[in-house]
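Chemist: Need a 3D model of the sequence below.
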Amino acid sequence: MEIIETAFEGLLILKPSVFTDHRGYFFESFRVSWLRGVSFVQDNDSRSARHVLRGLHFQNPPHAQGKLIRVIYGSALDVAVDIRNNSPTFGQWFSRLLSGDNHEMLYIPPGFAHGFLSLKDHTVLNYKCTAYFHKDSEGSLRWNDPELSIDWGVEDPVLADKDRNAPLFRELKSNFEQ
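Modeler: Next comes the predicted model:
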């Protein structure tokens, strides 16, 4: 396993060692020692059609979630926005192509809004979470906020109403500290 630090404190790219032969492939998709001090309590799966955009979502403290994101099938542009007050990367975004072919994973610590755009039909994501889902702690940011200026690569994605009508970044009252 290769763990790559990004310019965003705590945001990590994980590249597993993949063993392939005529039968297919094998790799370890999770090992506790890779992310010392991080405990996961819930796994979520999501299947999406091509150009479905989900996000940008987060949970406020004390129910903030860290997430380990992996695409099992298909591909997705995965995006994280730093919403931690006093962070040098506050209000900046990071994106990474995750796919069932490259097997890369992204660890997004608490304090980031997260979203993804499915790039193929039937794209399946799995994400491990460090806290349970808590409806009253949900927060979101608008996917196409002009202040964030995220390059999703599509102009008219398939959206849920809650994502289409999410608050703008300038309306965010962040409860996250770095």
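Chemist: And the residue nearest to the spatial centre of the chain, how far from residue 139?
Modeler: When the chain is reduced to its mean C-alpha position, the nearest residue by C-alpha atoms, centre = their mean turns out to be residue 114, at 4.4 Å. According to C-beta to C-beta, to the nearest Å, residue 114 and residue 139 sit 11 Å apart. C-beta coordinates here come from the backbone N, C-alpha and C atoms, glycine included.
Chemist: For the helix or strand of the chain with the lowest mean pLDDT, name the packing helices and strands.
Modeler: Of all helical and strand segments in the chain, the minimum by mean pLDDT, DSSP states H and E falls on strand 176-177, at a mean of 90. Judged by 3 or more C-beta pairs under 8 Å, 6 or more residues apart in numbering; DSSP states H and E, the packing partners of strand 176-177 are strand 84-85.
Chemist: ok, back up a step: just confirm the residue nearest to the centre of the chain contacts residue 69, I think it does.
Modeler: Yes - with contact defined as C-beta atoms under 8 Å, residue 114 and residue 69 form a contacting pair (7.5 Å).
Chemist: what do the two both touch?
Modeler: 78, 108 (C-beta atoms under 8 Å, 6 or more residues apart in numbering).
Chemist: thinking again about what came up before, for the host helix or strand of the residue nearest to the centre of the chain, list the C-alpha coordinates in CSV.
Modeler: Using DSSP states H and E, residue 114 sits within strand 112-118. Only the C-alpha atoms of strand 112-118 are listed here, as CSV (Å, rounded to 0.1, in the frame of the first residue of the first chain):
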residue,chain,number,x,y,z
PHE,A,112,-14.6,18.3,4.4
ALA,A,113,-17.7,18.4,2.3
HIS,A,114,-17.7,15.4,0.0
GLY,A,115,-19.3,14.7,-3.4
PHE,A,116,-18.8,12.7,-6.5
LEU,A,117,-19.8,12.5,-10.1
SER,A,118,-20.5,9.1,-11.6
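Chemist: I'd like to check the angle between whichever helix or strand comes after that strand and strand 112-118, please.
Modeler: Using DSSP H and E, the next helix or strand after strand 112-118 towards the C-terminus is strand 123-129. Interaxial angle of strand 123-129 relative to strand 112-118 (axes from the mean of the first three to the mean of the last three C-alpha atoms, to 10 degrees): 160 degrees.
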